[in-house]
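Asks: I need the structure of the sequence given here:
(2 chains)
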Amino acid sequence: MLSTIVKRLAVGVVLLWVVSTVVFLALQLVPGDPARTILTGTGATPSEAAIEQLREQLGLNLPMWEQYARFMGQLLTGSLGESLRNGQDVTALIGQRLPRTLELVIATTLVSVVLGVALGASAARRGGWLDRALTLGTSFGVAVPAYVAAVVLVYVFGVQLQWLPSGGYVAFATDPIENLRSLILPTIALSIGFTAIVARMTRTSVLSVGEQDWVRTGRAVGLTQRQVFSRHVLRNSLTPVLSVTGLQMGALLGGTVIVERVFSWPGLSALLVDSVSNRDYPVVQGVVLVIAALFVLLNIVVDIVYGFLDPRGRD
Amino acid sequence: MMRETANTAVLEARSLSVGFIQDEGATSWVTQDVSFTVAAGETLAIVGESGSGKTVTAMSVLDLLPGNAVRRGEILFRGEDLVSAPAERLRRTRGQDIAMVFQEPMTAFNPVYSIGRQIADAIRSHQAISRKAAMERAVELLQLVGIPEPERRVRSFPHQLSGGQRQRAMIAMAIACRPSVLIADEPTTALDVTVQKEILQLLRRLQRELSMAIVLITHDMGVVAEMADRVIVMRAGEVVERAEVHELFAHPTHPYTRALLDAVPRIDSVAPDPVRETTPTGAMALEVTDLHVRYRGPWGRPGFLAVQDVSFAIPQGRMLGLVGESGSGKSTIGRAIVGLAPIESGQVRVNGRELNTAASRQPAEVRREYAMVFQDPASSLNPRMSIGDSIAEPLVVHRRRSSDKERRARVAELLDMVELPKDWSGRFPHELSGGQRQRIGIARALALEPTLLIADEPTSALDVSVQAAVLRILQELQERLGFSCLFISHDLAVVELLADQVAVLQHGRLVESGPTAQVLREPREDYTRRLVEAAPVPDPVVQRRRVGRPPQGTALTG
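Replies: Below is the predicted model:
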């Protein structure tokens, strides 16, 4: 198991190098000049000389391979560089934004997995109207885009009922209650689709595991119905649920952008979009790398949990 | 003492019928008025072919059938009816009074828990003891069923045990609460014969020690002959005959029982055929020399060496039986010959032509020389193609009989050869029975008039009566068309019936080969002898002598 993790980490490092290179090259292809964009942003029409001076200052006039070497050199020393726009340290910038997005991703995953497994399992076990209602409900849940749900939630609970803040972010350290209150609506918006997918996967999985021979064995040795369900059906049903959860979490890491926008949630995705439109290369590179690294870590965690759920995967 | 309890039935079924509620709400009954009794220390065998209702009957005793099943009649355990018993009473009966052993020990255990944990759970559902105490009891039970190193094995997961050990563990779980009745549903069908022999011995020993009643569900007349005191024969949901075991084999009264017994090939029944064995041999149809087959491991590294140093030859028009237990490499050899498994070294010659390349790179005229019949006719026929199209496919691929009319005529001819109606070519595989599908498999293999037929366990998925018909057809066609045949099988009796020569494999190596009668009657090698001795003979007198059981045992009448 340990050697598998070490192997996966090594592969992850190679993957991160590939990702960083691809991002670097992709940004070289993007039309537009960061120096010009930065200077235009101040309102005045910049002179060509000023632009050239800024390009030199930022190292943009160097040949591509030299820029790449600088970039990689920085990475190896653990630095992600500075923002072209305001000179802020990229690591610090990400360090500030990342916890906000992680808070959203973790809250969404918790809600979706707990709710989705409970719904899917009870629909499969009870059958009948509950099952039909769930099938209908999850079709709806999968079909509704998170941003539509977000807008509706803001309108109903934020604007009309005024129960919850319709946007904004308050740090947990500043005001824990307000932080959690502001977390509720974006979490619901992101959880609708996620819950529906988990519920469907759980339902299908519970139904197929329920037909396995060992479930009959469990009944034959005299376990109660509840024991048979929890030990021999539900536990074995969780492996596909885990795979789906891993994929969905990965998608959330970079996919919360619209919801972050709607709720004015200053997270990582919002930072990524802003820096792309600003041609703020170091920030884009930094954010993408961090997301990729999280993705790699997430996969390793999923593998470890997988081995825990199914001993056949451990060897 | 023994005699007193023996005469009273521990378990009795009275007019038991089992049905399934269909989607439309109607009930379709799959068994009708099945009655039986079994007493302590006694073994009752319920025998039948697929669809006879024997497994459904066994499962209905503890209500282990799917939710839409309904039962009618009475199941009495020590006089108490289980059909009308409340759920909690039934739950306490399960495992405590009546226990089950299932056919497939791999899937009967949950793969995510250790076997010790599963045995401990079973104990704890009837006894208020700590998990630790239950685990200690599990170790004792594993020891009792003969699993080596029980302290270590108790922590093993099902996939870490061999098939035989898994079934032993299953039996350990079943006897954990010292049940009065053990229902064993085809307990040895998924196992090799040498393992089967040990498991049957184990069941008999435990039965003696615990004076259990055993209800043994099986299709195997050899197992019945060895184990049963009394037998009921089921067909299409009904009991057609019930008798004491010696009586059943000596004087079967129902025509179905007679047909069933006649259909079972016996390893000691065929007289050696001097003509078959002494006819001078002509050219060789298949020559395999120093064959090594190695599967590829991950990232192209050399993987498992499945076959090593195997050589044999089949003269033209003859049949060679390749026998061995699971994992012996017998199927791999068949696949390697036709280019479906990677040959590491060695030679394969068909009619003197070397074919050591993958099937896809062999020239068409070479590929026409051989054909293959597969084990499972259900999955080796494309369900979306009519059987006529399936049979004609090789003709199309090899551009033989290019006009539609010619092809149709050939398909009709082939259907006729395998004794199916000529006008069935428009039917689909799901409309056919297993035996009919396997005949289609044979017809398809013969479409291009191959000189070599490779049949890989062609009848092991079939019932005995169906097997007999398919084997007869195969034998007659071979005599008529004169093709050579490599017959791969685990069943020595079937091989003895058909093959001129036998090659015995173990762990990918050739143990012994030679004329059938010599190898199977006077085996030179110890392994061959064990294999022959382990195959049960469908005759209670002979079989009980072979396994060293006293002739009448504690058998009862009634």
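
Asks: And the helices in the stretch 1-150 of chain B, which stretches?
Replies: B:2-7, B:54-61, B:87-93, B:105-108, B:115-124, B:131-144, B:150-153 (DSSP state H, counting those that start in this stretch).

Asks: Switch those over to TSV; also include distance to B:I217 and mean neighbour count.
Replies: To be clear about C-beta, it is placed using only N, CA and C from the backbone, and glycine gets the same treatment. Shown next, in TSV, are the helices of the stretch 1-150 of chain B (distance: least, Cβ to Cβ, whole Å; neighbours: other Cβ atoms under 10 Å in any protein chain shown):
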stretch	distance to B:I217	mean neighbour count
helix B:2-7	22	12
helix B:54-61	5	23
helix B:87-93	19	16
helix B:105-108	14	22
helix B:115-124	21	25
helix B:131-144	23	18
helix B:150-153	27	16
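
Asks: Now mean pLDDT too, for those, in JSON lines please.
Replies: Below are the helices of the stretch 1-150 of chain B laid out as JSON lines (pLDDT from 0 to 100):
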{"stretch": "helix B:2-7", "mean pLDDT": "44"}
{"stretch": "helix B:54-61", "mean pLDDT": "94"}
{"stretch": "helix B:87-93", "mean pLDDT": "94"}
{"stretch": "helix B:105-108", "mean pLDDT": "91"}
{"stretch": "helix B:115-124", "mean pLDDT": "96"}
{"stretch": "helix B:131-144", "mean pLDDT": "95"}
{"stretch": "helix B:150-153", "mean pLDDT": "93"}
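
Asks: Present those as TSV; the columns should include distance to A:S166.
Replies: What follows is those, written out as TSV (distance: least, Cβ to Cβ, whole Å):
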stretch	distance to A:S166
helix B:2-7	79
helix B:54-61	59
helix B:87-93	52
helix B:105-108	54
helix B:115-124	51
helix B:131-144	52
helix B:150-153	62
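
Asks: Which secondary structure state does residue 155 sit in?
Replies: All of this is about chain A. helix (DSSP: H, G, I helix; E, B strand; the rest coil).

Asks: now swap in B:L510 and tell me
Replies: Relying on three-state DSSP, one would call B:L510 strand.

Asks: And for it, the neighbour number?
Replies: 23 (other Cβ atoms under 10 Å in any protein chain shown).

Asks: do the same with the one 5 residues further on
Replies: Other residues within reach of B:P515 by the criterion other Cβ under 10 Å amount to 17.

Asks: Read off the pLDDT value for it.
Replies: B:P515 carries a pLDDT value of 93.

Asks: So it is in contact with B:Q501, correct?
Replies: Yes: at 5.8 Å, B:P515 counts as touching B:Q501 under the criterion of Cβ atoms under 8 Å.

Asks: Tell me the spacing between the nearest residue to A:V244 once chain neighbours are set aside and A:R231.
Replies: Excluding the flanking residues, the one nearest A:V244 by Cβ to Cβ, 6 or more residues apart in numbering or on different chains is A:M201, at 4.9 Å. Distance, A:M201 to A:R231, using Cβ to Cβ, to the nearest Å: 20 Å.

Asks: List the single closest residue to B:R14 in space, sequence neighbours excluded.
Replies: B:E74 (4.3 Å).

Asks: let me fix that: B:V495
Replies: Closest to B:V495 by Cβ to Cβ, 6+ apart is B:G321, at 3.4 Å.

Asks: what sits opposite the one you found in the beta ladder?
Replies: Under the criterion DSSP bridges, B:G321 forms beta bridges with B:F487, B:V502.

Asks: from what I can see it touches B:V504, true?
Replies: No: between B:G321 and B:V504 there is no contact under Cβ under 8 Å: 9.1 Å.

Asks: where exactly do the helices run in the stretch 151-300 of chain B?
Replies: B:163-174, B:193-210, B:221-227, B:245-250, B:255-263, B:274-278.

Asks: buried ones in the host helix or strand of A:R200?
Replies: If you go by DSSP states H and E, A:R200 is part of helix A:176-209. For helix A:176-209, the neighbour count (16 or more other Cβ atoms under 10 Å in any protein chain shown) marks A:179, A:182-203, A:205-207, A:209 as buried.

Asks: ok, B:Q143 to B:A263 distance?
Replies: B:Q143 is 41 Å from B:A263, by Cβ to Cβ.

Asks: Now stretch B:180-199: buried residues?
Replies: B:180-188, B:190-193, B:195-199.

Asks: same question, stretch A:143-162
Replies: Buried-residue list, stretch A:143-162, by 16+ other Cβ under 10 Å: A:A146, A:A149, A:A150, A:L153, A:V154, A:F157, A:G158.

Asks: what about the spatially closest residue to A:L190 that is not a sequence neighbour, distance to chain B?
Replies: Take A:L190 and drop its neighbours on the chain: the residue closest to it by Cβ to Cβ, 6+ apart is A:T108, 4.3 Å away. Remark: distance between A:T108 and chain B (Cβ to the nearest Cβ, to the nearest Å) = 28 Å.
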